[in-house]
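>>> the following comprises the amino acid sequence and a computationally predicted model.
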There are 2 protein chains.
Amino acid sequence: MPNQNCIHCGSKSDAEKHLTQGELTTLGTSCARVNFKKGQLIFQEGNLATNIVYLTSGLVKIHMKGPVSDKILRLTKAPAYLGLPTTIGDKVNQYSATALSNSTACFISLDIFRDFIVQNSGFAYEIILDLCRNELTDYQRYTNLSQKQLPGRLAEILICLSEKIFESTRFELPLSITELADFISSSRESVSRQLSEFTKSKIIKLSGRELEIVNTELLQMICMKG
Amino acid sequence: MPNQNCIHCGSKSDAEKHLTQGELTTLGTSCARVNFKKGQLIFQEGNLATNIVYLTSGLVKIHMKGPVSDKILRLTKAPAYLGLPTTIGDKVNQYSATALSNSTACFISLDIFRDFIVQNSGFAYEIILDLCRNELTDYQRYTNLSQKQLPGRLAEILICLSEKIFESTRFELPLSITELADFISSSRESVSRQLSEFTKSKIIKLSGRELEIVNTELLQMICMKG
DNA sequence: TAAATACTGTGATATATATCACGTTGTCTT
DNA sequence: AAGACAACGTGATATATATCACAGTATTTA
């Protein structure tokens, strides 16, 4: 649906807050808002990257085909840009984005986005900040996940879900066991066993997809100790 | 040494090529060129990030303290910016940079660098491109290293050194065995054994630090198969 | 409603690789 | 030159976790 009114949009990105009225009008003519059901693909590895995607609501996994299985690189919670690096840095998407909950995203023409970067320095600077901050958290997670073993890796993800994504010790697991395994580079069976282990030790409580972190301190300890 | 003549500098970054004569003059007044010996720290995790570092010659490792050992995140060959994300994205460095060979780097005031981003859109766009491309290669390496096992991981690094860094099948290993282990998240002993293994199977030839890839096809195979 | 298909839990076993231990070599220091 | 210190090679052993196998439980499809 063209000619969105981006001027009064309540979910502007930090970068978009720097745009002028005129620029926002331009944005409106080339911005399409799309809804995605849980499980739906938002963009796919190997496809041409023609649009910047800005997630306005929902939770998304960024993932990539690895040599043996799918690899989940990160989770992104709205509001946030999805995959700026692959959209700007390459003609073809290097990874995919899939909705983990019902989500809404705005698709913005890459050309217009590029114009904004060139015309509006405040906009450009916010994009740079965003890229930098994301890379820092990625490095941190990469280092942690690559050196800890299973209990520590799983603890790390659960804490991340609790603190960063849901901001609660009680939430519905947005990832299947298999996906958790893809995230922390383990096997489905091992993750399943470790979750049982955490349940037995009364660190977490699991009923269906509903998860509650009962003993945060201990989980933190396990996360630290690896 | 202040008042460098950046105008006629032969090692401008892609971004700096967009700067005006005036901006280059400004750059000159706040740009210091420093030499580093092999093994020297260029900037350190935990320290205040006040300067953008642009590597004009040499090879550098970007590394970070992990829960059990040091983790090498990437190698960076000149010419390239070193650690833009940590300099721009945080007040404090999240990781360190250490010279793997004798190197030269220019230190540029963060304030002036930020001014360039805001004043000069061509400059800003090149920085964005750089950030995006780096993240893409990092994701790729991350996925590969996290799913392959030792032989595949080691093969991947050797091929990377050969193709990306030295552009030759024969080169002097810039990393110690311990550092190779820190890079691919294995133990020193395992890496040592695997190198012996590769030597026995006539895939590589090692004399001291001098390494030659003899059977590239087989090494590629091992890299692919994991 | 039945059938098919994904997703999950758990035991038994296999295996890659970490760890430990020790000797060797090389490099730096004074 | 001698001592100290770091980097390295390699065997024996321990161990975390992948893999295999199978059964149970949801969820979707016809």
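Sure thing, it's come through. Numbering: from 1, shown residues only, chains lettered A, B, ... in the order given.
>>> can you check the pLDDT for A:Gln4?
Among the per-residue scores, A:Gln4 holds a pLDDT of 63.
>>> element containing A:Ser193, please.
I think there's a mix-up here, since residue A:193 is Arg and not Ser. helix A:188-200 (DSSP states H and E).
>>> pick out the residue nearest the middle of chain A.
Geometric centre of chain A, nearest residue: A:Thr76, 1.6 Å, by CA atoms, centre = their mean.
>>> look up the closest residue to it, ignoring the ones flanking it.
A:Val60 (4.9 Å; CB to CB, 6 or more residues apart in numbering or on different chains). C-beta coordinates here come from the backbone N, C-alpha and C atoms, glycine included.
>>> and what about that neighbour, helix, strand or coil?
strand (DSSP: H, G, I helix; E, B strand; the rest coil).
>>> from memory the residue nearest to the centre of chain A sits against A:Leu82, does it?
Yes - proximity of A:Thr76 to A:Leu82 meets the contact threshold set by CB atoms under 8 Å, at 6.0 Å.
>>> now the common contact residues for the two.
A:55, A:60, A:62, A:97 (CB atoms under 8 Å, 6 or more residues apart in numbering or on different chains).
>>> the first one falls within a strand, correct?
Yes - assessed with three-state DSSP, A:Leu55 lies in a strand.
>>> what's the burial count for it?
Look at A:Leu55: counted by other CB atoms under 10 Å in any protein chain shown, it has 25 neighbours.
>>> please apply the same query to the third one.
A:Ile62: 20 surrounding residues under other CB under 10 Å.
>>> ditto for the second one
Around A:Val60 sit 26 other residues, with neighbours defined as other CB under 10 Å.
>>> what sits against it?
Per CB under 8 Å, 6+ apart, neighbours of A:Val60: A:42, A:75-77, A:82, A:97-100, A:103.
>>> now do it against A:Gly39, distance only.
11 Å (CB to CB, to the nearest Å).
>>> cool, the first one as well?
Spatial separation of A:Leu55 from A:Gly39 under the definition CB to CB is 16 Å.
>>> the lengthiest helix in chain A near chain B at all?
In chain A, assigned by DSSP state H, the helix with the most residues is helix A:121-147. Yes - against chain B, helix A:121-147 shows contacts by CB under 8 Å from any CB of the partner chain at A:121-122, A:124-125, A:127-129, A:131-136, A:138-140, A:142-147.
>>> stretch A:97-117 now?
Yes - Stretch A:97-117 lies within reach of chain B by CB under 8 Å from any CB, at A:114, A:117.
>>> picking that back up, list buried residues within the residues of helix A:121-147 next to chain B.
A:121, A:124-125, A:127-128, A:131-132, A:134-136, A:138-139, A:142-147 (16 or more other CB atoms under 10 Å in any protein chain shown).
>>> mind showing which ranges of chain A have poor pLDDT?
A:1-4 (pLDDT under 70).
>>> is it true that A:Ser11 touches A:Gly58?
No - using CB under 8 Å, A:Ser11 is not in contact with A:Gly58; the gap is 11.7 Å.
>>> by contact count, what packs against the helix or strand following the longest helix of chain A?
Downstream of helix A:121-147, the first helix or strand assigned by DSSP H and E is helix A:150-160. Helices and strands touching helix A:150-160, by 3 or more CB pairs under 8 Å, 6 or more residues apart in numbering or on different chains; DSSP states H and E, are helix A:121-147, helix A:177-184, helix A:188-200, strand A:210-213, helix A:216-225.
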